[in-house]
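**Q** heads up, no residue letters with this:
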């Protein structure tokens with residue numbers, strides 16, 4: 001994702017936009033409202049055909065009716081923000097309660113701390129990690145598996161970005177300069193001795209924030225930054241996502257996907273890239289796979305395969321929950337990262353000042369990519385190393401995980417067994433090197 005501005009933020013929806021662009025959100029809301037009677041009838045029908053006192057509920061016909069009703073309900077539902085559900089973790093073999101609490105908050109983001117209620121003191125402090133979650137359509141809970149994997153051995157914090165339709169217009173705009181400012185402010189609040197992990201989209205803003213801090217000799221720069229599947233230089237091994245932006249151009253996106261939040265949402269009148277449009281893009285990229293998954297759900301409901309049904313529900317309850325993005329933030333992202341390639345060209349700015357990654361000296365760098373990533377192609381994240389020549393070679397690492405796609409870079413069995421241990425070792429090395437350098441300086 002981009003950072004800073006290139007000749008100013010792109011303007012919002014213009015008078016000449018297509019006729020359907022402005023009322024698009026209103027039409028979507030009316031569509032949902034019009035389905036309410038059908039959903040009520042479907043829910044009642046499902047209850048009827050799942051009632052054990054109804055003899056039809058034990059037949060293939062009755063099970064098929066109940067399964068069809070659930071499928072209709074799930075495909076027409078508006079999914080809300082999921083819960084974290086991380087109430088416990090295991091620290092040194094002991095089950096430990098976890099409290100998720102906000103320690104810093106602004107209109108467009110909260111900083112959450114997964115506070116582990118340790119019953120025994122640690123032999124040595126665990127690394128403190130700030131996970132910068134993507135602001136690209138899904139909620140931060142998409143990284144539930146990422147957080148869960150680090151909790152036993154790390155003190156974890158994460159950015160919880162706000163749904164733009166829930167932020168009143170009186171709170172002002174939010175663009176990429178604000179994004180970078182938020183990251184810097186959070187690092188100040190955390191008080192140093194931190195490691196930063198940027199998952200996908202935040203890779204560029206995090207590089208920008210660290211560059212700005214290094215240029216200002218900020219004492220709160222992180223000990224290390226780990227970039228995972230991020231679009232640092234989308235000219236390398238471009239994917240269909242990269243090519244779409246280059247082919248369409250910024251004007252197409254401005255005219256076709258930006259609309260206003262309708263009443264009664266708190267952000268009524270705000271220009272946004274709505275979540276339902278983002279979701280349609282996510283799904284159409286792998287339409288056959290999603291269609292097959294819902295066919296399988298129907299069959300498993302009829303067969304009564306509870307485990308497979310629960311896995312489907314768990315995945316899609318998260319995947320189908322989406323949030324709106326502010327128009328200015330989204331358009332800058334498309335323009336600067338995918339169209340103009342501003343960061344690798346050295347043309348990125350923040351608050352009118354150049355963003356210069358070559359200033360980064362004190363921060364160790366690790367990049368992680370997936371061999372089969374179809375969103376951020378191989379080499380796009382690795383490009384960060386060429387932009388940061390002042391980082392010593394012994395304080396930089398690049399790792400490609402074999403056999404995984406984009407989501408496998410930050411979730412799943414290979415992430416837990418192969419990527420997390422490497423990141424942990426890298427953080428420990430970065431921290432030890434930092435301490436030795438401080439001691440030598442003193």
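**A** Sure, I can see it. Bear in mind the structure is a predicted one, so any value in this text is a computation, not a measurement.
**Q** contacting residues for residue 301?
**A** Neighbouring residues of residue 301 by CB atoms under 8 Å, 6 or more residues apart in numbering: 63, 66-67, 70-71, 309. The way it works is simple: take the backbone N, C-alpha and C, and place the C-beta from them, glycine included.
**Q** in helices, which of these fall?
**A** 63, 66-67, 70-71, 309 (DSSP state H).
**Q** including pLDDT and distance to residue 364, could those go into JSON lines?
**A** Formatted as JSON lines, these follow (pLDDT from 0 to 100; distance: CB to CB, whole Å):
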{"residue": "63", "pLDDT": "93", "distance to residue 364": "56"}
{"residue": "66", "pLDDT": "93", "distance to residue 364": "55"}
{"residue": "67", "pLDDT": "93", "distance to residue 364": "52"}
{"residue": "70", "pLDDT": "92", "distance to residue 364": "49"}
{"residue": "71", "pLDDT": "92", "distance to residue 364": "49"}
{"residue": "309", "pLDDT": "91", "distance to residue 364": "44"}
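**Q** looking at these, which one is closest to residue 122?
**A** Lowest distance from residue 122 to these (CB to CB) belongs to residue 309, with 40.2 Å.
**Q** quick check: the closest one touching residue 297?
**A** Yes: here residue 309 reaches residue 297: they are 6.6 Å apart, a contact under CB atoms under 8 Å.
**Q** which of these two has more neighbours?
**A** The neighbour count for residue 309 versus residue 297, taken as other CB atoms under 10 Å, is higher for residue 297 (22 against 17).
**Q** residues touching the more buried one, list them.
**A** Going by CB under 8 Å, 6+ apart, residue 297 touches 67, 70-71, 74, 309, 312.
**Q** just the closest of the residues you listed to residue 206, please.
**A** Using CB to CB, those come closest to residue 206 at residue 312, 33.6 Å.
**Q** and residue 28, what does it touch?
**A** Residue 28 is in contact with 274, 276, counting by CB under 8 Å, 6+ apart.
**Q** doesn't residue 431 fall inside a strand?
**A** No: the assignment for residue 431 is helix, going by DSSP: H, G, I helix; E, B strand; the rest coil, so no strand is present there.
**Q** how about the closest residue to it other than its chain neighbours, what does it touch?
**A** In space, and not counting its chain neighbours, residue 431 is closest to residue 223: 5.3 Å by CB to CB, 6 or more residues apart in numbering. Residue 223 makes contact with 193-195, 363-364, 427, 430-431, 434, according to CB under 8 Å, 6+ apart.
**Q** type out the PyMOL command that picks the buried ones from the residues you listed.
**A** Buried residues within the contacts of residue 223, by 16 or more other CB atoms under 10 Å, are selected in PyMOL with:
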select buried, resi 194+195+363+364+427+430+431+434
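**Q** over to the residue of the chain most remote from its centre: give its phi and psi.
**A** In the chain, counting by CA atoms, centre = their mean, residue 55 sits farthest out from the average C-alpha position, at 46.6 Å. Main-chain torsions, residue 55, degrees, to the nearest 10: phi -60, psi -30.
**Q** switch the contacts of residue 297 over to CSV; also include distance to residue 209.
**A** Converted to CSV, these look like this (distance: CB to CB, whole Å):
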residue, distance to residue 209
67, 49
70, 45
71, 44
74, 39
309, 43
312, 38
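**Q** what's the closest of the residues you listed to residue 327?
**A** So of these, ranked by how close each gets to residue 327 (CB to CB), first place is residue 74, at 29.8 Å.
**Q** wait, isn't that closest one in contact with residue 316?
**A** Yes: Residue 74 lies in contact with residue 316 (CB under 8 Å); the separation is 7.0 Å.
**Q** could you look up the SS state of residue 157?
**A** strand.
**Q** surely it meets residue 110?
**A** No: between residue 157 and residue 110 there is no contact under CB under 8 Å: 10.6 Å.
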